[in-house]
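Asks: Need a 3D model of the following:
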Amino acid sequence: MRNVRLLMISCGAALTAAMAFTPTRAASVPSAVYAITGARIHTVSGAPIPNGTVVVRNGVIEDVGPGITVPAGAMTIDAAGLNLYPGLIDMANSTPLEAGDDAAAAAAGRAGGGGGRGGTQFATLEEAERAKREGILRPHYLAAENLRAGTPELQALASAGVTTVLAVPAQGIFKGQSALVNVVIPADDPQISTLADYRRGLAVVKSPVALHVNMAGRGGGQGFPNSLLGSVAFTKQGFLDAQWQRDAEAAYQKGGGRGPRPVFEPVLDAMRPALARQMPVAFDASEGREIDRALDTAAQFGLDPIIVGAASAGERRAELAAAKARVILSLNLPGPGGGGGGAPQGGGRGGGGGASQRQTQFQQNAPKVPAALAQASVPFAFTSGGAAPAVFVRNAGRVIKEGGLAADVVLRVLTLDAARLAGAADRTGSIERGKIANIVVTEGDLFDGGRVRHVFIDGRPIDLTEPPAAPGGGRGGRGGGR
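Replies: Numbers count the residues shown, from 1 in each chain. A predicted model of the protein is given here:
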């Protein structure tokens, strides 16, 4: 009995010592208080405030309005004559994700369909094809678990006024689950006699947001599926397999666990929320026929569809409205200075290198697609579609000037409507009390050549020293193009 008592005392002492030295989590929000005064505040959720003040404390907006008293000790920014906006949201961009997110897909590409010829060696053809499958069937991949920080591309986004992006995996046919994240992860707080705390999660606004599927993925370019129809077939088979696993497991459980145990694949289990309409499915689809296939697949499996890229969405606005689909429209617009990545390919045969009639028509109509969707009451947001951040913002101005969509509507689409589509309108997207303090202050109109003067992300002022732009505008999302 004495030994037992000594053991209990020893364990108690060890527990007390462990508790005494347990690291306390460092503060994850800033303690500084900021007041931005005298600005024209575009709240988005209400009428603009001609001369107002925004108070930021602990990463959120504490107060906003005219005649606000600046708290004692607040760091004040005089924004008289400047415009203040919510931070912009790019609704499909792979820039915040670690380059390693495509490791499985790269291995699959090396495997190809020939047992690893010219790349990774596999003992059997089955092993090679299994690696291929793992690279293109990735519904379990979580963007929120693979964030990177402090890159020139992320700095360029912040400097252009883009504070938040929907981080979308770039690889595979079933690409994975996106997350709405801020583009800046706070620097480490001082750690004194503690273990360093987890920081990347501070950038996450909401996760997961949607399951992303690229039916035109063509399996990464090697082996099956190496055609559009093959990719479509693989997509539908993936959903069918997930349905079968769900139903087989339910039947097995109903039978009391008797009989042959159904095969269980964790990857397929990750698709259950989508099949239950608890998570939307975002399909990369640019051309009209791709949009048709995506809507058909959504109807077949009872999915909640979002169309990403959607260059031809104007031509399918009635179908999109009937399907109650939402759209993430690429602003990588064709034409001079527009970015040029959004135009459908193809056209006339044997021409002398000039644009086809289809391409010419697309270039003329691209800025008008948002207005067409608005008229058809199709909810939509914008993605850069691979365009550089500054071009993304400039193209939003083209939608106003050339597309006939009102400036306040474009601002709402880039902020509150985007947050609503991501299911995060309760926490970001407008200048309101209690919301995340993602704020952009500009000299001049943001969409008409205005200069970004101040950016706050999560209530922290951001260094706007923009590094040299990476060739090709970084790793922005492809916007559904092929």
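Asks: where's Met91 relative to Thr383, distance?
Replies: 5 Å (CB to CB, to the nearest Å). (Glycine included, C-beta is placed from N, CA and C.)
Asks: more neighbours, these two?
Replies: Neighbours were tallied for Met91 and for Thr383 using other CB atoms under 10 Å; the higher tally belongs to Met91 (34 against 29).
Asks: my read: the more buried one touches Ala422, true?
Replies: Yes - look at Met91 against Ala422 with CB atoms under 8 Å: they come within range, at 7.2 Å.
Asks: show me what contacts the spatially closest residue to Arg451 that is not a sequence neighbour?
Replies: Nearest-residue entry for Arg451: Glu443, 4.6 Å, with adjacent residues in sequence omitted and distances by CB to CB, 6 or more residues apart in numbering. By CB atoms under 8 Å, 6 or more residues apart in numbering, the contact set of Glu443 is Gly81, Leu82, Asn83, Gly450, Arg451, Arg453.
Asks: Val441 too?
Replies: Val441 is in contact with Ile36, Ala39, Ile77, Ala79, Leu82, Asn83, Leu84, Tyr85, Val452, Arg453, His454, Val455, counting by CB under 8 Å, 6+ apart.
Asks: low pLDDT regions in the protein?
Replies: Within the chain, the segments meeting pLDDT under 70 span 1-31, 99-120, 188-194, 196, 218-224, 336-356, 358-360, 465-482.
Asks: So which residues of it form helices?
Replies: Taking DSSP state H, the helices of the chain run over residues 2-20, 103-111, 125-136, 152-159, 228-254, 266-269, 272-275, 288-301, 317-322, 357-365, 369-375, 389-401, 407-413, 416-421.
Asks: closest to Pro66 out of those helices?
Replies: With distances scored as CB to CB, the stretch of the helices of the chain nearest to Pro66 is helix 407-413 (19.2 Å).
Asks: Give me the buried positions along that closest one.
Replies: Along helix 407-413, these residues count as buried under the neighbour rule (16 or more other CB atoms under 10 Å): Ala407, Val410, Leu411, Arg412, Val413.
Asks: returning to what we had before: now, which of the contacts of Glu443 lie within strands?
Replies: Asn83, Arg451, Arg453 (DSSP state E).
Asks: I'd assumed Gly444 was in contact with the first one.
Replies: Read that as Asn83. Yes - assessed by CB under 8 Å, Asn83 is found in contact with Gly444 at 7.3 Å.
Asks: Name the residue in those two with the higher neighbour count.
Replies: Neighbour tally, Asn83 and Gly444, criterion other CB under 10 Å: the higher count belongs to Asn83, 19 against 14.
Asks: Outline the domain layout of this structure.
Replies: Each domain of the chain is listed here as a residue range: 27-86+429-462, 88-190+198-345+355-427, per automatic domain parsing.
Asks: Give me whichever of those is most buried.
Replies: Burial among those, expressed as mean neighbours by mean count of other CB atoms under 10 Å, is greatest for domain 88-190+198-345+355-427, which shows a mean of 20.
Asks: That one: end-to-end distance?
Replies: Domain 88-190+198-345+355-427 has its terminal residues 14 Å apart, counting by CA to CA, to the nearest Å.
Asks: And stretch 197-214, by the same measure?
Replies: 36 Å.
Asks: That one: how far from the chain's middle?
Replies: Taking the mean C-alpha point of stretch 197-214 and that of its whole chain, the gap between them comes to 8 Å (CA atoms, centre = their mean, to the nearest Å).
Asks: thinking again about what came up before, find residues that contact each of Met91 and Thr383.
Replies: A shared contact of Met91 and Thr383, defined by CB under 8 Å, 6+ apart, is any residue touching both; here these are Leu166, Ile328.
Asks: circling back: quickly list what's touching both of Met91 and Ala422.
Replies: Leu166.
Asks: Would you mind saying which of the helices of the chain lies nearest Val60?
Replies: The closest approach between Val60 and any of the helices of the chain, judged by CB to CB, belongs to helix 416-421 at 14.6 Å.
Asks: And the closest one, what does it pack against?
Replies: If contacts are counted by 3 or more CB pairs under 8 Å, 6 or more residues apart in numbering; DSSP states H and E, helix 416-421 sits against strand 88-93, strand 380-383.
Asks: okay, that helix in CSV with CA atoms only?
Replies: Only the C-alpha atoms of helix 416-421 are listed here, as CSV (Å, rounded to 0.1, in the frame of the first residue of the first chain):
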residue,chain,number,x,y,z
LEU,A,416,-19.3,41.1,-49.3
ASP,A,417,-20.7,38.9,-52.1
ALA,A,418,-17.5,36.9,-52.2
ALA,A,419,-17.6,36.4,-48.5
ARG,A,420,-21.2,35.3,-48.7
LEU,A,421,-20.4,32.8,-51.4
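Asks: residues making contact with that helix?
Replies: Taking CB under 8 Å, 6+ apart as the criterion, the residues outside helix 416-421 that touch it are 44-45, 86, 89, 91, 166, 180, 306, 326, 328, 379-382, 425, 427-430.
Asks: Please repeat the previous calculation with a cut-off of 7 Å.
Replies: Residues external to helix 416-421 that are found in contact with it (CB atoms under 7 Å, 6 or more residues apart in numbering): Val44, Ser45, Ile89, Met91, Arg326, Pro379, Ala381, Ala425, Thr428, Gly429, Ser430.
Asks: Which residues are in contact with the spatially closest residue to Leu320 that is not a sequence neighbour?
Replies: Once flanking residues are discounted, Leu320 sits nearest to Val378: 4.9 Å by CB to CB, 6+ apart. With contacts defined as CB under 7 Å, 6+ apart, Val378 is in contact with Arg317, Leu320, Ala321, Val327.
Asks: Among those residues, give me the pair with the biggest separation.
Replies: Maximum pairwise distance in the contacts of Val378, criterion CB to CB, is 10.3 Å, between Ala321 and Val327.
Asks: and the nearest residue to Val205 once chain neighbours are set aside, how far is that from Asp426?
Replies: Closest residue to Val205 in three dimensions, ignoring its sequence neighbours and counting by CB to CB, 6+ apart: Leu180, at 4.4 Å. Relative to Asp426, Leu180 is positioned 12 Å away (CB to CB).
Asks: right, and Glu432 touches Ser45 too?
Replies: Yes - in this structure, Glu432 sits in contact with Ser45. The criterion is CB atoms under 7 Å, and the distance is 5.4 Å.
Asks: any idea how far Leu82 is from the residue nearest to Arg451?
Replies: When Glu443 is compared with Leu82 (using CB to CB), they lie 6 Å apart.
Asks: picking that back up, just name the closest of the contacts of Val441 to Ala299, please.
Replies: Closest approach to Ala299 among the contacts of Val441 (CB to CB): Tyr85, at 38.0 Å.
Asks: and the gap between the closest one and Ile431?
Replies: The gap separating Tyr85 from Ile431 is 8 Å, by CB to CB.
Asks: Likewise for Thr76?
Replies: Applying CB to CB, one obtains 17 Å for the distance of Thr76 from Ile431.
Asks: Format the ones in strands among the contacts of Glu443 as JSON lines; extra columns: distance to Trp244.
Replies: Conversion of these to JSON lines gives the following (distance: CB to CB, whole Å):
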{"residue": "Asn83", "distance to Trp244": "54"}
{"residue": "Arg451", "distance to Trp244": "56"}
{"residue": "Arg453", "distance to Trp244": "56"}
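Asks: Return the member of these nearest to Gly52.
Replies: Relative to Gly52, the closest of the ones in strands among the contacts of Glu443 is Asn83; by CB to CB it sits at 11.3 Å.
Asks: Nothing else from me, thank you.
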